[in-house]
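*Asks:* whatever this is, show me its structure:
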Amino acid sequence: MRIAVIDDENGTRAGIIRLIKKINPDFVVVGEADNGYDGMLLIKSLCPDVVITDIMMPRLNGLEMIENARICSPNTRYLVLSGYAEFELAKQAIRLSVVDYLLKPITSDQLADALNRIYQGYGAQTADKTAEPGANSYSFIVEYIVKDIFENYAQRLYLEDYAKQLKVTPEYAGSIFSKETGKSFSLFLRDVRMEKAKKLIKNTDDKIYEIAYKTGYSDVKYFCRVFKEYTGVSAKSYARNK
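*Replies:* Prediction:
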């Protein structure tokens, strides 16, 4: 995994680079910069897998740098470090799909945990994304939505509500969700509900209408149609073969 470190404090930058080399031999520092403008040029030139950056820096701050660089390097993930525990900055970082936001001074364990979580999802295929949250390296926004879907799939869930909670537009939330999961919000929600329904049919004696309600479907006929489309067999046939 190719990593760039951007921080205007020379000691901090050097310390982070030393830690990275100890955390995992597959982590390679490919560049460093001491201000946001040079950092932006570095990102556009090298397209690193991960950028570790401070927020308060000369010329461009870290968030401005990310905003400018991600157009040319859309797959780069960002780990933001800051000594400023300000909620507004954290919200901006969330909108920019920052993977994590850590307050200085960070420990080696914190850095290792953040980088390893990114690495676990590095290069992962998006074909099967009904895995539990945390199994992939999602941005804050997507992780928030995925986690809530798995916890509240039986409720009425709408992308617009999540966007409002996260203070982003529904269009942006939907776009980043599809990009990171490989599925639209509605398709992801359907898949989670169907997998839960399959488990309930196999492992309980609940009636089909009960399972429909438990997986977020108030219309039993609609549930049965979706289930057949998803599995290729009717819910009743699936139940008979358990």
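
*Asks:* only C-alpha atoms for contact and neighbour calcs from this point on.
*Replies:* OK.

*Asks:* is it fair to say G31 lies in a helix?
*Replies:* No: per DSSP: H, G, I helix; E, B strand; the rest coil, G31 lies outside any helix segment and is strand.

*Asks:* any idea what it is bridged to?
*Replies:* Under DSSP bridges, the beta-bridge partners of G31 are A4.

*Asks:* so how far is F177 from the residue most central in space within the chain?
*Replies:* Nearest to the geometric centre of the chain sits Y138, at 1.5 Å (C-alpha atoms, centre = their mean). Separation of Y138 from F177 (C-alpha to C-alpha, to the nearest Å): 9 Å.

*Asks:* what's the following helix or strand after the lowest-mean-pLDDT helix or strand in the chain?
*Replies:* Least confident helix or strand of the chain, by mean pLDDT, DSSP states H and E, is helix 87-95 with a mean of 64. Downstream of helix 87-95, the next assigned helix or strand under DSSP states H and E is strand 100-103.

*Asks:* elements contacting that next one?
*Replies:* Other elements packing on strand 100-103 under the criterion 3 or more C-alpha pairs under 8 Å, 6 or more residues apart in numbering; DSSP states H and E are strand 77-82.

*Asks:* what pairs with the strand it packs on, parallel or antiparallel?
*Replies:* Strand pairing for strand 77-82, using DSSP bridges, gives strand 50-54 (parallel), strand 100-103 (parallel).

*Asks:* hmm, who's touching the first one?
*Replies:* With contacts defined as C-alpha atoms under 8 Å, 6 or more residues apart in numbering, strand 50-54 is touched by 1-8, 43, 61-62, 76-82.

*Asks:* let's see it at 7 Å
*Replies:* Residues outside strand 50-54 that contact it (C-alpha atoms under 7 Å, 6 or more residues apart in numbering) are 2-7, 62, 76-82.

*Asks:* which of those are buried?
*Replies:* 2-7, 62, 76-82 (16 or more other C-alpha atoms under 10 Å).

*Asks:* TSV for these, including pLDDT and distance to R190?
*Replies:* Shown next, in TSV, are the buried ones among the contacts of strand 50-54 (pLDDT from 0 to 100; distance: C-alpha to C-alpha, whole Å):
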residue	pLDDT	distance to R190
R2	89	36
I3	94	36
A4	95	38
V5	96	40
I6	96	41
D7	94	43
G62	88	37
T76	87	29
R77	88	28
Y78	90	30
L79	91	31
V80	88	33
L81	85	36
S82	79	38
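
*Asks:* can you give me the buried ones in the helix ranked longest in the chain?
*Replies:* The longest helix of the chain (DSSP state H) is helix 185-203. Across helix 185-203, burial judged by 16+ other C-alpha under 10 Å covers 185, 188-194, 196-198, 200-201.

*Asks:* quick check: mean pLDDT of it?
*Replies:* Helix 185-203 comes out with an average pLDDT of 93.

*Asks:* next: stretch 221-232.
*Replies:* 94.
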